[in-house]
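Peer 1: Got a predicted structure plus its sequence, pasted below:
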Amino acid sequence: MSPSRNTKIVATLGPASSTYEMIRALAEAGADVFRLNMSHGGHEDHRERHATIRQVEADLGRPIAILADLQGPKLRCGTFVAEAADLEDGQDFRFDLDKKPGDSHRVCLPHKEIFEALEPGSTLLVNDGKMRLKVKDCGDDFANCEVIVGGTISDRKGVNVPDVVLPLAALSDKDKADLEFACELGVDWLALSFVQRPADVEEARALAKGRAAVLAKIEKPAAVRAFDDILAVCDAIMVARGDLGVELPVQNVPPIQKRLVHACRRAGKPVIVATQMMESMIESPVPTRAEVSDVANAIYEGADAVMLSAESAAGNYPREAVSTMTKIAHEVESDPTYRQVLNNSRYVERKTIADGIVSAAREIAEATDIQAIACFTQSGTTASLVARERPEVPIIALTPLVGTARRLCLTWAVQSFLTDKVDRFKMAVVAAARAARDSGIATENDQIVVTAGVPFNVPGTTNILRVAPCAERLIFATDPE
């Protein structure tokens, strides 16, 4: 990542971006995290892409994160005698458990859990919200509805139920198999779809067993209502605006996005803004002005990352899409208004010694001629706390754990470096100075702020801060320089 870019870019891989050449081109264009969409492709496809990413990582000499996005339960209607049916506004229509092909009066909805949760007045949305039906009466195996907004309903179209919390687990049997596969493969992040409650996240964490960090996708109204509790138990958030825009009035989505981004910033947890950010670039080499403004708005809000979906997975211009996002980030982050917005929305948290250390590091860096804040971290927590402060200088995270270095690729402004374990603060300072010099962030004539914790290699012990010259070196024979 360029030292001058704070916002990270997540690029989804797919048929248009599976070769070594294209994945490397996306990484060189600015992709920090690659997303494997478990809704498409088999395990062998994802295994090959994972291996290719790791080869690109080794060849480029910098950490790259891999995010496996679990499909989640998909609610779909059954089939029709004529493969589709036209529904008129105001007519009656019935969903039931009868597996016989449907017609213009009824169709199977093979999800008993939906009928158990519905009540008169509930809304059913079909075909990405293009059709809207209202429940008139219902039972354990049926729902008689009035068509509010008609249209054509065809075989196995998706059904959304925005008004109720469904008694469905976020992890289907397929998701559990995909989760285990992804963890054994060695992905860094798991994205959990269909989250409605904190228990959904806790189930995924229990299955992951610490092998990958868990990210909750916020795409259901129930998740918005329970957001604070969900945020407390997950490692990161994705604002998945596609389904949110289906299940909620579209005008509700922008303020929800802002609230969720700011809440994540307060908590010091990464947040991705996703879905249709540059969708026109599936077929066009340039985005629309509105799409550019959408990406820029997320960056102004201080989101940790912005994401490409079909644009990079199946589009005609995946490299151009990543490159354009990179250019937008550079332009926004060089605007003085960007810093003003970040400062005005900064949340000062000083409940622990670590909070005070990272807050002081930011103040020192901005009050003096400091080129970077370097922190030693085991779990990544200290680097995330520094990023929460949104300092004006680059953040260098040094860790002996490759998994931590990769996961931090999702965190705002953090550049990760692998280092040997250290047992003395002097060695930590030398390693930080070397990383600052080698990365081009600073020269020997510059100074950096170094934070660490004693005892070393123990998570959660950040308790030291020092301003150090970048010329710092060990004078012992063990110094490789």
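Peer 2: Good, I have the coordinates.
Peer 1: Give me the mean pLDDT for the longest helix seen in the chain.
Peer 2: Ordering each helix of the chain by length in residues (DSSP state H) puts helix 43-60 first. Averaging pLDDT along helix 43-60 gives 98.
Peer 1: need the next SSE after it, C-terminal direction.
Peer 2: Beyond helix 43-60 on the C-terminal side, the first helix or strand identified by DSSP states H and E is strand 65-69.
Peer 1: That following strand - contacts with which helices or strands?
Peer 2: Taking 3 or more C-beta pairs under 8 Å, 6 or more residues apart in numbering; DSSP states H and E as contact, the helices and strands that strand 65-69 lies on are strand 33-37, helix 43-60, helix 173-185, strand 189-192, helix 402-407. For glycine as for every other residue, the C-beta is placed from the backbone atoms N, C-alpha and C.
Peer 1: Following element in sequence after it, please.
Peer 2: Toward the C-terminus, strand 65-69 is succeeded by strand 84-87 as the next helix or strand (DSSP H and E).
Peer 1: neighbouring strands for that next one, and are they parallel or not?
Peer 2: Looking at strand 84-87 with DSSP bridges, its partner strands are strand 151-154 (antiparallel).
Peer 1: which regions of this protein sit below the pLDDT cut-off?
Peer 2: When residues are selected by pLDDT under 70, those of the chain lie in 1-4, 349, 457, 460, 473-481.
Peer 1: can you list the domain ranges for it.
Peer 2: When the chain is parsed with automatic domain parsing, its domains come out as 8-72+170-333, 84-160, 353-469.
Peer 1: how about a markdown table for the ones you listed, with mean neighbour count and distance to residue 339 added?
Peer 2: Converted to a markdown table, the domains of the chain look like this (neighbours: other C-beta atoms under 10 Å; distance: least, C-beta to C-beta, whole Å):
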| stretch | mean neighbour count | distance to residue 339 |
| --- | --- | --- |
| domain 8-72+170-333 | 20 | 8 |
| domain 84-160 | 17 | 38 |
| domain 353-469 | 21 | 7 |
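Peer 1: Among the ones you listed, which comes closest to residue 346?
Peer 2: Shortest distance between residue 346 and the domains of the chain, using C-beta to C-beta, is found for domain 353-469: 5.8 Å.
Peer 1: The closest one spans what distance, first to last residue?
Peer 2: 24 Å (C-alpha to C-alpha, to the nearest Å).
Peer 1: now stretch 185-195
Peer 2: The first and final residues of stretch 185-195 sit 24 Å from each other (C-alpha to C-alpha).
Peer 1: do stretch 307-321 as well
Peer 2: Between the opening and closing residues of stretch 307-321 we find a distance of 10 Å, counting by C-alpha to C-alpha.
Peer 1: what's in contact with it?
Peer 2: 9-17, 22, 25-26, 29, 31, 35, 37, 40, 238, 272-279, 281-287, 322, 325 (C-beta atoms under 8 Å, 6 or more residues apart in numbering).
Peer 1: Find the nearest non-adjacent residue to residue 273, please.
Peer 2: Leaving aside its sequence neighbours, residue 273 sits nearest to residue 298 (C-beta to C-beta, 6 or more residues apart in numbering; 4.0 Å).
Peer 1: the helices in the stretch 101-250 of the chain, which residues?
Peer 2: In the stretch 101-250 of the chain, helices defined by DSSP state H, counting those that start in this stretch lie at 112-117, 173-185, 198-208, 221-225, 227-233, 241-247, listed in chain order.
Peer 1: Turn these into JSON lines, including distance to residue 444.
Peer 2: Rendered in JSON lines, the data for the helices of the stretch 101-250 of the chain read as follows (distance: least, C-beta to C-beta, whole Å):
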{"stretch": "helix 112-117", "distance to residue 444": "64"}
{"stretch": "helix 173-185", "distance to residue 444": "42"}
{"stretch": "helix 198-208", "distance to residue 444": "43"}
{"stretch": "helix 221-225", "distance to residue 444": "50"}
{"stretch": "helix 227-233", "distance to residue 444": "42"}
{"stretch": "helix 241-247", "distance to residue 444": "46"}
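Peer 1: do you know which of these lies nearest residue 55?
Peer 2: Counting by C-beta to C-beta, residue 55 lies closest to helix 173-185 out of the helices of the stretch 101-250 of the chain; the figure is 14.2 Å.
Peer 1: just how off-centre is that closest one within its chain?
Peer 2: Mean-position distance between helix 173-185 and its chain equals 18 Å (C-alpha atoms, centre = their mean, to the nearest Å).
Peer 1: Then stretch 307-324?
Peer 2: Between the mean C-alpha point of stretch 307-324 and the mean C-alpha point of its chain there is a distance of 16 Å (C-alpha atoms, centre = their mean).
Peer 1: Ends of that stretch, what's the gap?
Peer 2: 12 Å.
Peer 1: same deal with stretch 141-154?
Peer 2: Distance across stretch 141-154, first residue to last, is 21 Å (C-alpha to C-alpha).
Peer 1: just how off-centre is the longest helix of the chain within its chain?
Peer 2: That offset, for helix 43-60, works out to 20 Å (C-alpha atoms, centre = their mean).
Peer 1: Make sure residue 463 is indeed in a strand.
Peer 2: Yes - applying DSSP: H, G, I helix; E, B strand; the rest coil, one finds residue 463 inside a strand.
Peer 1: just checking, it touches residue 353?
Peer 2: Yes - between residue 463 and residue 353 there is a contact under C-beta atoms under 8 Å: 5.3 Å.
Peer 1: Grab the nearest non-local neighbour of residue 124.
Peer 2: If the residues on either side of it in the chain are set aside, residue 124 comes closest to residue 133, at 4.5 Å by C-beta to C-beta, 6+ apart.
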